[in-house]
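Peer 1: My questions concern the predicted model and sequence given below.
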Amino acid sequence: MNEARSIRFDLNGKAVQIDVATHRTLADCLRHDLLQTGTHVGCEHGVCGACTVIVDGAAVRACLMLAVQADGARVTTVEGLASGDRLSPLQTEFRRHHALQCGFCTPGILTTAHALLTNEPDADRPRIREVLSGNLCRCTGYVPIVEAVYAARDAYRSERGTDS
């Protein structure tokens, strides 16, 4: 039996309401129903990190979360990091540091890094590497990714009012 339920949540700053099958993952709901195709689906086991989105401030694997669990939550996908046509400081640093190649892993890494820097704007390189260790990248290696995240810290400190 395919039971459906009506859910409401904030998606990238906008209220959405959708009827969704109770067994549908958040990743599939975001990609196929809400057309947020920046959320990539890789392993579908929570291992690769490509589907990472931010739910109520925490980086979560959207392939492991049911869409109905997002009811009442704040969900941010990679599309929600930019402001209109202006890239976020983190995205700008990824571009500056050439921290992407094929781009498949990039949305998950960006959302993971955004959640980290929002909560820990002073994260050092070992902490950045530790947090990003759950996001697999087979093209760039991790050095430019870690350097890009490290370089974006000042922007997150400024947002918190904790310039150091």
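Peer 2: The structure has been received and is ready for your questions.
Peer 1: How is this protein divided into domains?
Peer 2: Domain assignment for the chain, taken from automatic domain parsing, gives 4-80, 89-160.
Peer 1: So which residue is dead centre in the protein?
Peer 2: Thr111 (2.4 Å; Cα atoms, centre = their mean).
Peer 1: Apart from its neighbours in sequence, what residue is nearest it?
Peer 2: Sequence neighbours aside, Thr52 is the residue nearest to Thr111 in space, at 4.8 Å (criterion: Cβ to Cβ, 6 or more residues apart in numbering). Using the backbone N, CA and C atoms, a C-beta is placed for each residue, glycine as well.
Peer 1: Am I right that Val20 is in a strand?
Peer 2: Yes. Assigned with DSSP: H, G, I helix; E, B strand; the rest coil, Val20 falls within a strand.
Peer 1: ok, residues contacting the helix or strand of the chain at the bottom of the mean pLDDT ranking?
Peer 2: In the chain, no helix or strand scores lower on mean pLDDT, DSSP states H and E than helix 153-160, which sits at a mean of 88. Helix 153-160 has contacts (Cβ atoms under 8 Å, 6 or more residues apart in numbering) with 88-90, 117-118, 121-123, 163-164.
Peer 1: Just the buried positions in it, please.
Peer 2: Within helix 153-160, the residues scored as buried using 16 or more other Cβ atoms under 10 Å are 153, 156.
Peer 1: what's the answer for stretch 113-124, then?
Peer 2: Those would be 113-118, 121, 123, for stretch 113-124 by 16+ other Cβ under 10 Å.
Peer 1: Which of the residues you listed fall in strands?
Peer 2: Among the buried residues of stretch 113-124, no member falls in strands (DSSP state E).
Peer 1: so can I have a markdown table of those residues showing distance to Ile145 and pLDDT?
Peer 2: As requested, the buried residues of stretch 113-124 are arranged in a markdown table below (distance: Cβ to Cβ, whole Å; pLDDT from 0 to 100):
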| residue | distance to Ile145 | pLDDT |
| --- | --- | --- |
| Ala113 | 8 | 98 |
| His114 | 13 | 97 |
| Ala115 | 15 | 98 |
| Leu116 | 12 | 98 |
| Leu117 | 13 | 98 |
| Thr118 | 17 | 97 |
| Pro121 | 18 | 97 |
| Ala123 | 13 | 98 |
